[in-house]
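J.: what follows is a predicted structure for the sequence shown.
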Amino acid sequence: MLFRLALAAWLLVIAPAVAAPSAKLESPDKVLSVELTTDGDGRPSYAISRLGKPVIAPSRLGFILVDAPKLERNLTLAGEATRRFDETWEQPWGERRFVRNRYNELRVTLAEKNGLQRRFDVVFRLYDDGVGFRYEFPDQTNLKTVKIGEELTEFSLAEPATVWWIPAYEWNREEYLYHRTRAEEVGDAQTPMTVRTDNGLHIAFHEAALVDYSGMNLTRVEGRRFKAALTPGVGGAKVERTAPFPTPWRTLQIADTAGGLVTSNLILNLNEPNTLGDVSWVKPMKYVGVWWEMHLDKKTWASGPKHGATTENALKHIDFAARHGLGGVLVEGWNVGWDGDWFGNGQDFSFTQPYPDFDLKRVTDYARDKGVVLIGHHETSANAAHYESQMEAGFDLYKKLGVTAVKTGYVADAGQAKVMGLDGKVHFAWHEGQDMARHHLKVVTEAAERQIAINAHEPIKDTGLRRTYPNWISREGARGMEFSAWGQPGNPPEHETNLIFTRMLAGPMDYTPGIFGMKTKSPDGVATTWAKQLALYVTIYSPIQMAADLLENYEANPKPFKFIEDVPTDWAETLVLNGEIGDFVTIVRKDRKSDDWYLGAISDEEGRVLTASLGFLEPGRHYKAQIYRDGDKADWKTAPQDIVIEEREVTATDVLTLRLAPGGGQAIRFMAASKGKPRQ
């Protein structure tokens, strides 16, 4: 049950200032500070410092409007207010159970000195590990409808830095490998974009609470100065809203270490609390599915002799899930519409009519009798207009049959989504434009009315809205495991160590780990060891985790599969023991339903020796460590299957040495013994 525990919250209002030269505020423990100023032409800018040293040099604020003069000059600081806030709230599911939300807030009103006399607020929330700021437009006579052509928001890095980024405005949406370049070499980048300055400070740029607005990218203007670049809309404006309204938060997570970015709660905290009420029906789980076999060309989504979504195949997967304690079975290709040119089309999909060789009611009834749920599948080919015409009927059918989670899909080239315009016509749109932001929220809220959770693939980016809508349980939004199945170069060994410090900062990802059959159509196959595949269940967080491989590979290897059976998907606490972007990371998480802890450590193409202090364990208590590690000959290229499974007794005073093979990893379950039990 979700609840919020308010520890302290109070408001301190400062009387309106007249033409104040600047407004300043510090974070609760005075780690970060922000200052907003206007220059001689009335152009506003802000700057951020950390412990007295500049992090963001003076950076402009404002808007280009498509039907009115820009909001960027002749502005004055017409008023300011500050407040302090401190609460602790409980997640219904997540990386940790309790989240502290502690910040100082600065609200500055900017008003035009002449002309139209329009005004807007800039609101900063300063945490000790980051900053969020947004614009808020009040109801006003001279700016009722706001048609935004572009934001003029800037982020000017104060120090030289290395940046990890993927390109924006390219055809394959978010599904790219990460570039590692100097800041001066970045082009158009998606967020999260992660930075490490030459002095070792880590900064991640993203956004929070993307609601009825266009997604933000970052364009390098010159040097180390970046500007917000909104995703295009379907008309002349990238965003059109009626005041009053706020924009999404522009976010900067800031930490000494890469791990500090991972443990930051900034994105979640900047979202509104749960609006759905009791969400105990949202069930984190592990699942298997009719999926990987299609990527290997063993089965097809389309009907015919190799059709994967048959009643017989679904029942086989349900039996397997029931035997091994897995909660769900995903079946893709069950519904009419997969024959022919479905990619980027979607107009032939039915979300209620199964193919003749798939008995939907029999499958769902059988699953229920076995204690397993069928995970529904709605591929839309990004035809949101067509999907919305059938979506409610599809969800009604699933509710009737007891399907409690749905994987949606939006496979189409970027800019080729289809939305219904206010003119009643279908328009092409970008996956992260304002219209698609509205669509995804409609999907989530319609699903919530029927107590259905949503796991979106090819989605709009994650901006922490799972706090407000806890049935938005996971999503893809990056280059997933399937790239290692196809007949092209797959994901390199560094890919996952990049994801954790970039894409994963936005929220959970359905990466679909757990592959034991390393030879695929890709020339390099799956570029990890088996031990790393197990460690991914801890390092890449999702409350809905797939055991993605063919069932026969699990049946042939029950000992390593035991970790997949055991590892939870819902956590009481998460800690990062070590890590460097793109190189390695060690993460530990505590099971929410027991006193057990789990460790996952992964490396890139380099073999590594890491140490892990077990100080996170309860002092004085003994634990049985079930260790799944790379063998002496393990290597992602030559011996990915070389794995050693062993046990030892440990306590909080121990320090483990973790030897990771090239492309390798290590997974450990720490089983809590009775308190005071002597070491064996």
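T.: Cool, the structure landed.

J.: need the pLDDT of the nearest residue to Lys53 once chain neighbours are set aside.
T.: Counting by Cβ to Cβ, 6 or more residues apart in numbering, the nearest residue to Lys53 once its immediate chain neighbours are dropped is Ala158, at 7.8 Å. The C-beta positions use only the backbone N, C-alpha and C, and glycine is treated the same way. You'll see Ala158 listed with a pLDDT of 98.

J.: what strand or helix carries Ala47?
T.: In this structure, Ala47 sits in strand 44-50 according to DSSP states H and E.

J.: and Thr181, by the same measure?
T.: Per DSSP H and E: Thr181 is located in strand 179-182.

J.: just checking, next helix/strand downstream of that strand?
T.: Counting by DSSP H and E, the next helix or strand C-terminal to strand 179-182 is strand 188-189.

J.: quick check: mean pLDDT of that following strand?
T.: For strand 188-189, the per-residue pLDDT values average out at 98.

J.: and that strand, what does it pack onto?
T.: Based on contacts counted as 3 or more Cβ pairs under 8 Å, 6 or more residues apart in numbering; DSSP states H and E, the elements that strand 188-189 packs against are strand 216-222.

J.: adjacent strands (with direction) for whichever helix or strand comes after the strand it packs on?
T.: On the C-terminal side of strand 216-222, the closest following helix or strand by DSSP H and E is strand 225-230. Under the criterion DSSP bridges, strand 225-230 sits next to strand 154-157 (antiparallel), strand 216-222 (antiparallel) in its sheet.

J.: tell me which of those strands lies nearest to Gly487.
T.: Relative to Gly487, the nearest member of the strands paired with strand 225-230 by Cβ to Cβ is strand 216-222, separated by 30.6 Å.

J.: CA atoms only: put the closest one into CSV for me.
T.: In CSV, the C-alpha atoms belonging to strand 216-222 read as follows (Å, rounded to 0.1, in the frame of the first residue of the first chain):
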residue,chain,number,x,y,z
MET,A,216,13.6,17.5,-25.0
ASN,A,217,16.9,16.8,-26.8
LEU,A,218,20.1,18.7,-26.5
THR,A,219,21.9,20.4,-29.3
ARG,A,220,25.5,21.7,-28.9
VAL,A,221,25.6,25.3,-30.0
GLU,A,222,29.3,26.0,-29.6
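
J.: pull out the buried positions in it.
T.: Of all the residues in strand 216-222, those buried under the rule 16 or more other Cβ atoms under 10 Å are 216-220.

J.: would you turn those into TSV with distance to Thr586 and pLDDT?
T.: Formatted as TSV, the buried residues of strand 216-222 follow (distance: Cβ to Cβ, whole Å; pLDDT from 0 to 100):
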residue	distance to Thr586	pLDDT
Met216	32	98
Asn217	32	98
Leu218	30	98
Thr219	35	98
Arg220	33	98
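
J.: which one of those is nearest Leu143?
T.: Nearest to Leu143 among the buried residues of strand 216-222, with distances taken as Cβ to Cβ, is Met216, at 21.2 Å.

J.: please look at the closest one and Ala228 and confirm they touch.
T.: Yes. Assessed by Cβ atoms under 8 Å, Met216 is found in contact with Ala228 at 5.1 Å.

J.: any residues in contact with both of these two?
T.: Overlap between the neighbourhoods of Met216 and Ala228 consists of 151, 250, taking contacts as Cβ atoms under 8 Å, 6 or more residues apart in numbering.
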